[in-house]
Structure formats: C-alpha cells, structure tokens
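**Student:** next one to model:
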Amino acid sequence: MTTDNQSFETMMHELENIVKQLDNDTVSLEESLALYQKGMALSKACEKTLKEAENKVSKLIEDEADDTNESKSE
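**Tutor:** All right, here's what the predicted structure looks like:
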C-alpha cells in the first residue's frame, strides 16, 4: 500500500472501508492487526495531507493580506 500518490479522498474512502471491516465480528485477529496497521498508516498520511493543505491556505491568506496592505499604502 502506498499512500504517497493517492488522493486524500481515496485514502479516506479506504480508511472508512477498514473501519467497516474492523467492525465485522468475523475478521480474524491477524487480519484485524493488519487492517489496524494499514488504517494507522492511512490516518497519518491523511493528517500530513491536511496539514500541508492548511499550510498552503495560511500562506495564501498571508499573501493576500500583504497584497492588500501594499495596495493601501500606495
């Protein structure tokens, strides 16, 4: 499983499927552990993607504020 080239939406969908599988009582312990590990990796990848998006939005807001302040001072 590689999460580097998956979209956020794809990773979230896969994570939702893992949660559904873990809720199933018929999943073996070994399979549950494997699903849990995969889910944790996806969770970390989603968190990283969200943090990167948050940083981009913050940068855009800062840039917009700088542009607005420069326009007012002219």
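
**Student:** drop to CA atoms for contacts and neighbour counts, all remaining ones
**Tutor:** Noted.

**Student:** tell me the gap between the longest helix anywhere in the chain and the middle of its chain.
**Tutor:** Ordering each helix of the chain by length in residues (DSSP state H) puts helix 29-73 first. Distance of helix 29-73 from the chain centroid (C-alpha atoms, centre = their mean, to the nearest Å) equals 7 Å.

**Student:** do stretch 25-45 as well
**Tutor:** Stretch 25-45 has its average C-alpha position 17 Å from the chain's average C-alpha position, going by C-alpha atoms, centre = their mean.

**Student:** convert the C-alpha atoms of that stretch to PDB, please.
**Tutor:** Output of stretch 25-45 as PDB, limited to C-alpha atoms (Å, rounded to 0.1, in the frame of the first residue of the first chain):
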ATOM      1  CA  ASP A  25     -17.000  -9.800  14.100                       C
ATOM      2  CA  THR A  26     -15.900 -12.400  11.600                       C
ATOM      3  CA  VAL A  27     -12.400 -10.800  11.000                       C
ATOM      4  CA  SER A  28      -9.600 -12.800  12.400                       C
ATOM      5  CA  LEU A  29      -7.100 -11.400  14.900                       C
ATOM      6  CA  GLU A  30      -4.300 -11.400  12.400                       C
ATOM      7  CA  GLU A  31      -6.400  -9.700   9.800                       C
ATOM      8  CA  SER A  32      -7.600  -7.200  12.300                       C
ATOM      9  CA  LEU A  33      -4.000  -6.300  13.200                       C
ATOM     10  CA  ALA A  34      -3.100  -5.900   9.600                       C
ATOM     11  CA  LEU A  35      -6.100  -3.700   8.900                       C
ATOM     12  CA  TYR A  36      -5.300  -1.700  12.000                       C
ATOM     13  CA  GLN A  37      -1.700  -1.100  10.800                       C
ATOM     14  CA  LYS A  38      -2.900  -0.100   7.300                       C
ATOM     15  CA  GLY A  39      -5.500   2.200   8.900                       C
ATOM     16  CA  MET A  40      -2.900   3.900  11.100                       C
ATOM     17  CA  ALA A  41      -0.600   4.500   8.000                       C
ATOM     18  CA  LEU A  42      -3.600   5.900   6.100                       C
ATOM     19  CA  SER A  43      -4.500   8.100   9.100                       C
ATOM     20  CA  LYS A  44      -1.000   9.500   9.200                       C
ATOM     21  CA  ALA A  45      -1.000  10.200   5.500                       C
END
